[in-house]
Each structure stands twice: as structure tokens, then as C-alpha cells.
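Asker: for reference, the sequence and a predicted model appear below.
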Amino acid sequence: MDIATVIGILAGLGMIGFTIFTGEGAMIFIHVPSMMIVFGGSIASTLVSFPLKEVLGVVNVIRKAFFSDNFDGQKIIDQIVALSKKARKEGLLAIDKDVNEIEDAFLRTGMEMVVDGTEPELIRSVMETELSYTMERHKTGQQIMNSFGTYAPAFGMIGTLMGLVQMLTQLDDPSKIGGGMAVALITTFYGAVIANLVFLPLAGKLKNRSDAEVVMKEMIIEGVLSIQFGEHPNTIQRKLSNFLPPKLRKQPEGE
């Protein structure tokens, strides 16, 4: 679980809740019709923008923001370097059994093609195509979250306008104007909070995760092709370490 995501959302809700319930008239912030306008309207507009299947998959999209694989770049580099050492000593066919035990599906697919003797150009094409479609799937999830984040404040404003219209029908009773204005603004409050505390930050988190996965898979592609070309393990180590932050890089053996 990504603790930062959980802490961020809970801290934001906690601070807002504390501010509300330490003031007067806290219960006015609980207004079911306003919630229905913001959530219902956001969902409706998102359904117009995206296919039903993709919107229904939003639960899995949100899950990825809270639960996601942590990419251990150095571990993958170590695997690739170990395979390259064995391949240089015993030949590519000798690593067939090791390839079947690789946990990372993307790396395993690439190495299977290497062992099968597939041309380097075809290997790169196949792996880059898979990477491209992975990016597109991730992009769709980010767009859905951004859509929710865009539509929620808009429907908050719509709800406020509806409340103002209803309030204006009661101008003959000045005592009701203050309360009516407060209720009208609650919808805008809901829209702003849900967009800026949940949907837009989740979209940002999904983008960061996607970017990290893309870098890792680009590194794997280079590693797979380096093994096929028979490059020295230390050269592969140096090349792939460039994909990692400097503080996480490991020096090749013997240096």
C-alpha cells in the first residue's frame, strides 16, 4: 500500500473536518442533495466522455493509486547482468531455464525471444509495441480521474446556481436568505474538495506510477537487446544504471 496517498487524503479530510466541527453550524456542511449533484453529475458527464467499460474499471484504476508494484530497478539490473554473464560463458540456449524463472513478465517475454533467436529489430518492435499500449491504458485511467476532477467543481457551481435560484424565490422573507445562501454554496464546497483532494491528486499519482513503469520497461528493452548483442556484463551494468537515480546506482564488479 502507498502510505503517502492514504496519509495525504486522511490528513486533508482531517484538517477540513477539524475546521468545520470546531466552528458553529457544522451540520450545515452535511447536505445530501448537494452530494448527489456533485457525485451524480460527475459520473454522468464522465459516462458521456468515456465508454462504459472504461468507467466501470475506475475501481481498478483507483486501486493502482493505493496498491501498486514497487519497481526495484537494481534488482532487475542484477537479473539482466547475471543472465548476460551466463549467456557469454555458455551461450544463449543455456539460460533457457533461468528465463522461465524470471518474475517480471515483460523481461521474461523479451528474454524468451532472445533465446528463440528472434531478430533484434523484431524484439524491439514487439516490446515497444507492448510498452506503447501499456502507456495508452494508463493514460485512459489518468484521463478518467482528471475528468472527475474537472466535472466535480463544475457541478458544484451548477448546484450553487440552483440553490441561488431557489433562494431568490424567498426574497420576501429576509430571514431565510442567509441560510439559503449557505446551502447554495455547500455544493461548490463539495466539488472543490473532492476534485482537489481526491480526483486530481490521484490522477497525478497514476501519472507518476506510469512514468516510473515506462522508464523501467525501457531499461528492460535495452538490457534484453544488450544480452543478444553479447555486450560485456560490466558495460550492461553501466548502461542500465543510467536509468536509475544516481544514489541507487551500483558500480560494476571489479571497480
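Answerer: Structure's in. What do you need?

Asker: buried ones in stretch 22-34?
Answerer: Neighbour-count burial for stretch 22-34 flags 29, 31, 34 (criterion: 16 or more other C-beta atoms under 10 Å). The C-beta positions use only the backbone N, C-alpha and C, and glycine is treated the same way.

Asker: quick one: end-to-end distance for stretch 19-32.
Answerer: Counting by C-alpha to C-alpha, to the nearest Å, you get 20 Å between the two ends of stretch 19-32.

Asker: who's in contact with that stretch?
Answerer: Contacts to stretch 19-32, defined as C-beta atoms under 8 Å, 6 or more residues apart in numbering, come from residues 179, 182-183, 186-187, 189.

Asker: could you give me the average pLDDT of that stretch?
Answerer: Average pLDDT, stretch 19-32: 84.

Asker: repeat that for stretch 47-66.
Answerer: For stretch 47-66, the per-residue pLDDT averages 87.

Asker: same deal with stretch 232-251?
Answerer: Rounded mean pLDDT across stretch 232-251 is 88.

Asker: which residues does that stretch contact?
Answerer: 73-74, 77, 80-81, 84-85, 88, 215-216, 218-219, 222-223, 226-227, 231, 252-255.

Asker: any of the residues you listed buried? List them.
Answerer: For the contacts of stretch 232-251, buried by 16+ other C-beta under 10 Å: 73, 77, 80-81, 84-85, 216, 219, 222-223, 226-227.

Asker: of those residues, which is the nearest to residue 52?
Answerer: Taking C-beta to C-beta as the measure, residue 52 sits nearest to residue 216 out of the buried ones among the contacts of stretch 232-251, at 31.7 Å.

Asker: and the pLDDT at the nearest residue to residue 221 once chain neighbours are set aside?
Answerer: Closest residue in space to residue 221, ignoring its immediate chain neighbours: residue 127 at 4.9 Å, by C-beta to C-beta, 6 or more residues apart in numbering. Listed pLDDT for residue 127 reads 96.

Asker: just checking, next helix/strand downstream of the strand or helix carrying residue 127?
Answerer: With secondary structure defined by DSSP states H and E, residue 127 is part of helix 120-168. Note on helix 120-168: by DSSP H and E, the next helix or strand toward the C-terminus is helix 177-194.

Asker: which other helices and strands contact that next one?
Answerer: When contacts are defined as 3 or more C-beta pairs under 8 Å, 6 or more residues apart in numbering; DSSP states H and E, helix 177-194 packs onto helix 32-49, helix 120-168.

Asker: tilt between the helix holding residue 127 and helix 177-194?
Answerer: 170 degrees (axes from the mean of the first three to the mean of the last three C-alpha atoms, to 10 degrees).

Asker: so which elements touch helix 120-168?
Answerer: Short answer (3+ C-beta pairs under 8 Å, 6+ apart): helix 120-168 packs on helix 32-49, helix 52-56, helix 58-66, helix 105-115, helix 177-194, helix 200-228.

Asker: picking up where we left off before, any chance of the buried residues of stretch 22-34 in JSON lines with distance to residue 40 as columns?
Answerer: Shown next, in JSON lines, are the buried residues of stretch 22-34 (distance: C-beta to C-beta, whole Å):
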{"residue": "29", "distance to residue 40": "19"}
{"residue": "31", "distance to residue 40": "14"}
{"residue": "34", "distance to residue 40": "11"}
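
Asker: returning to what we had before: highest neighbour count among the contacts of stretch 19-32?
Answerer: Within the contacts of stretch 19-32, neighbour counts (other C-beta atoms under 10 Å) peak at residue 187, which reaches 27 neighbours.

Asker: skipping its backbone neighbours, what lies nearest that residue in space?
Answerer: residue 159 (2.8 Å).

Asker: what about residue 12, is that helix, strand or coil?
Answerer: Using DSSP: H, G, I helix; E, B strand; the rest coil, the structure places residue 12 in helix.

Asker: give me the nearest residue to it, chain neighbours excluded.
Answerer: Closest to residue 12 by C-beta to C-beta, 6+ apart is residue 197, at 4.5 Å.
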